[in-house]
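>>> got a sequence here, can you model it:
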Amino acid sequence: MTTHPADRSSVGGPLMELEEPWVFGMWPRRLLIYEDRIEVREFELLREKTLSTGFGRVDGVAVSGAGWFANLLVTVRGSEPVLMRGLSKNAAERARALIEDHTTRSNGRPSRPSPPANPDAEHLVRALVELRDAGLLSEEEFEVKRAEVTAKEEGHR
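Numbering: from 1, shown residues only. The predicted structure is shown next:
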């Protein structure tokens, strides 16, 4: 995992950049946090693919795990969640705070995640299952997060 400080010397540079460690693949996924958006850069069939999302579409940000094995999960309205694995807890928490702060400013309201629509809840539960199956979430953490998602879904109906 690599974190890079804000590059404020160049206009429009990222405020923060996170990179998964090489153990998750030869070409690690990168998350770049800009003033107005987040970008996920990953390789697909030997070419870099960039997905850009404005803060107005971010529903929530969660950090799980500890030490050098923390994970950052960003849920995005109408899209697959963004999962960054194998980060330091400190870097993941700083990224979470930065994303939540920019989401609050973008929406003009507190960064309280809106209840997910049914497809988004299903995507989030699938992402949680993948985390648990990969050994990155304990069974207890999985059950707590799954209960939160299903409770929000039931409250949304």
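
>>> and A147, that's in a helix?
Yes: under DSSP: H, G, I helix; E, B strand; the rest coil, A147 sits within a helix.

>>> for it, which residues are in contact?
If you count contacts by CB atoms under 8 Å, 6 or more residues apart in numbering, A147 has none. Quick note: C-beta positions are derived from backbone N, CA and C, even for glycine.

>>> for L128, see how far away it is.
A147 sits 11 Å away from L128, going by CB to CB, to the nearest Å.

>>> what is in contact with those two at once?
Between them, A147 and L128 share no contacting residue under CB under 8 Å, 6+ apart.

>>> next, count neighbours for K145.
Counted with other CB atoms under 10 Å, the neighbours of K145 add up to 20.

>>> report the contact partners of the nearest residue to it once chain neighbours are set aside.
Excluding the flanking residues, the one nearest K145 by CB to CB, 6 or more residues apart in numbering is L128, at 5.3 Å. Shown in contact with L128 (CB under 8 Å, 6+ apart): 137, 142, 145-146, 149.

>>> neighbour-wise, which one of those residues leads?
Most neighbours among these, by other CB under 10 Å: L137, with 23 neighbours.

>>> pull the number of nearby residues for the residue lying closest to that residue once chain neighbours are set aside.
Closest residue in space to L137, ignoring its immediate chain neighbours: L131 at 4.2 Å, by CB to CB, 6+ apart. For L131, the number of neighbouring residues by other CB under 10 Å comes to 21.

>>> in this protein, where is pLDDT below threshold?
Applying pLDDT under 70 to the chain flags the ranges 1-11, 109-119, 153-157.

>>> tell me where this structure has helices.
89-107, 118-133, 139-156 (DSSP state H).

>>> could you pull out the buried residues of the longest one?
Just to be clear, that refers to helix 89-107. Using 16 or more other CB atoms under 10 Å as the test for burial, helix 89-107 gives 89, 91-92, 94-96, 98-100, 102-103, 106.

>>> how about the last one?
For helix 139-156, a neighbour-count test (16+ other CB under 10 Å) marks 142, 145-146, 149, 152-153 as buried.

>>> counting neighbours, what do you get for the closest residue to W27 other than its chain neighbours?
Computed as CB to CB, 6+ apart, the closest residue to W27 that is not its neighbour in sequence is F43, at 3.8 Å. Neighbours of F43 under the rule other CB under 10 Å: 14.

>>> I'm done for today, thanks for sticking with me.
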